[in-house]
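Novice: Sequence below, structure please.
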Amino acid sequence: MPIKLPALLPAKEILEKENIFIMDDSRAISQDIRPLNILIVNLMPEKEKTEAQLLRLLGNTPLQVNITFLKMKTHNSKNTSKYHLDQFYSHFSEIRHRKYDGMIITGAPVEKLLFEQVDYWDELTEIMDWSVSAVTSTMHICWGAQAALYHHYGINKYKLSKKCSGVFLHTVRKQKEKLVRGFDDEFYAPHSRYTNIENDQITQHPDLEILASSREAGAYLISSKDGRHIMVTGHPEYDNTTLLQEYLRDKKKGIAIALPKNYFPHNNPEYKPAHRWRSHANLLFSNWLNYYVYQETPYQWD
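Specialist: As a prediction, this is how the structure comes out:
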């Protein structure tokens, strides 16, 4: 089944070329089914790239999905045009009266700051508090996962001595959990961050459990026991060249940055990286949409 997008959204053309099943508003209104309403709080700087990455995964399921993009009123984006944001994004005040079946809070390049130092922190915490009663399940990605752990569960991050960047091997720790249903025992996923979370703080919290983790990168998939909050500390949505683009960007800025681990063939940035996490990324999003959103959300919100 398709994902419904505004006709002029740039990501629509990208996904059509990849044969991702999508539809515009005019066709969607003829579908006599109850679509899922998903809110995406896009905090990434290059929003159009992130849109395509997330929509690609959300569109690869049997469920029809309606998407609403949310922007921060308390933050001015420097890498996305005002025209794009005004045309395709809403402010929280415009949608807070609605109920959503699912929500995604993306990562953000602010992990070196204390949470309270982030200019939109108060606005984001208001959204997270609202989601407790207005959203069936929320997926938090990278910094978004750390923000959720801090705000909802009081678990803080800590700074790493060097950036965790690369593609790491992970092991499924809770084989019977629905989020990892169909996963291989071991799988790869990319990470890109300067901070981490202590595993012991997660395992000792009565409302949380680690579903998959990496010896090098730490906890990867964390779930509240009621499934309302899914925390993903890596970036399963990344394209195969995203870490390369980040590496070249940091090098250009003069940042002393190491090559992403386990990423370039022969550890040589002249070779194109393989996409080794695509299947598990698709399965992760499919499981979340099916078991944690579609199977749990009411047909009609009160």
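
Novice: residues touching N267, list them.
Specialist: The neighbours of N267, taking CB atoms under 8 Å, 6 or more residues apart in numbering as the test, are L259. In short, each C-beta sits where N, CA and C put it, glycine included.

Novice: ranges for the helices of this structure?
Specialist: For the chain, the helices defined by DSSP state H occupy 10-17, 25-28, 47-58, 82-88, 92-95, 121-134, 143-153, 199-203, 242-252, 278-287.

Novice: Which among the ones you listed is found nearest to S165?
Specialist: Comparing the helices of the chain against S165 with CB to CB, the closest turns out to be helix 242-252 (6.4 Å).

Novice: And the closest one, what's buried?
Specialist: Buried residues in helix 242-252, counting neighbours by 16 or more other CB atoms under 10 Å, are found at T242, L243, L244, E246, Y247.

Novice: what helices or strands is that helix leaning on?
Specialist: The contact analysis (3 or more CB pairs under 8 Å, 6 or more residues apart in numbering; DSSP states H and E) places helix 242-252 against strand 158-172, strand 186-196.

Novice: Columns distance to Q146 on top of those strands, output as JSON lines?
Specialist: Below are those laid out as JSON lines (distance: least, CB to CB, whole Å):
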{"stretch": "strand 158-172", "distance to Q146": "10"}
{"stretch": "strand 186-196", "distance to Q146": "7"}
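
Novice: what pairs with the residue positioned nearest the centre of the chain across the strands?
Specialist: For the chain, the residue nearest the mean C-alpha position is I141 (3.8 Å; CA atoms, centre = their mean). Beta bridges link I141 to V232, judged by DSSP bridges.

Novice: For it, give me its contacts.
Specialist: With contact set as CB under 8 Å, 6+ apart, I141 has these partners: I104, I105, T106, G107, V232, H235, P236, E237.

Novice: what pairs with the second one across the strands?
Specialist: When bridges are called by DSSP bridges, I105 pairs up with V41, H140.

Novice: which stretch among the helices and strands packed on helix 242-252 comes nearest P260?
Specialist: P260 lies closest to strand 158-172 among the helices and strands packed on helix 242-252, at 4.1 Å (CB to CB).

Novice: Can you mark which positions in the closest one are buried?
Specialist: Across strand 158-172, burial judged by 16+ other CB under 10 Å covers K163, C164, S165, G166, V167, F168, H170, V172.

Novice: Excluding chain neighbours, what is closest to the fourth one?
Specialist: What it means is G166. Leaving aside its chain neighbours, G166 sits nearest to K261 (3.1 Å; criterion: CB to CB, 6 or more residues apart in numbering).

Novice: Could you check the pLDDT of that neighbour?
Specialist: On the pLDDT scale, K261 is placed at 97.

Novice: can you tell me which residues contact the nearest residue to Q201 once chain neighbours are set aside?
Specialist: Spatial nearest neighbour of Q201, chain neighbours left out: I155 (4.8 Å); criterion: CB to CB, 6+ apart. For I155, the contacting residues are L149, I197, E198, Q201, I202, H205, by CB under 8 Å, 6+ apart.

Novice: how close does I155 get to A145?
Specialist: Distance of I155 to A145, given as CB to CB, to the nearest Å: 10 Å.
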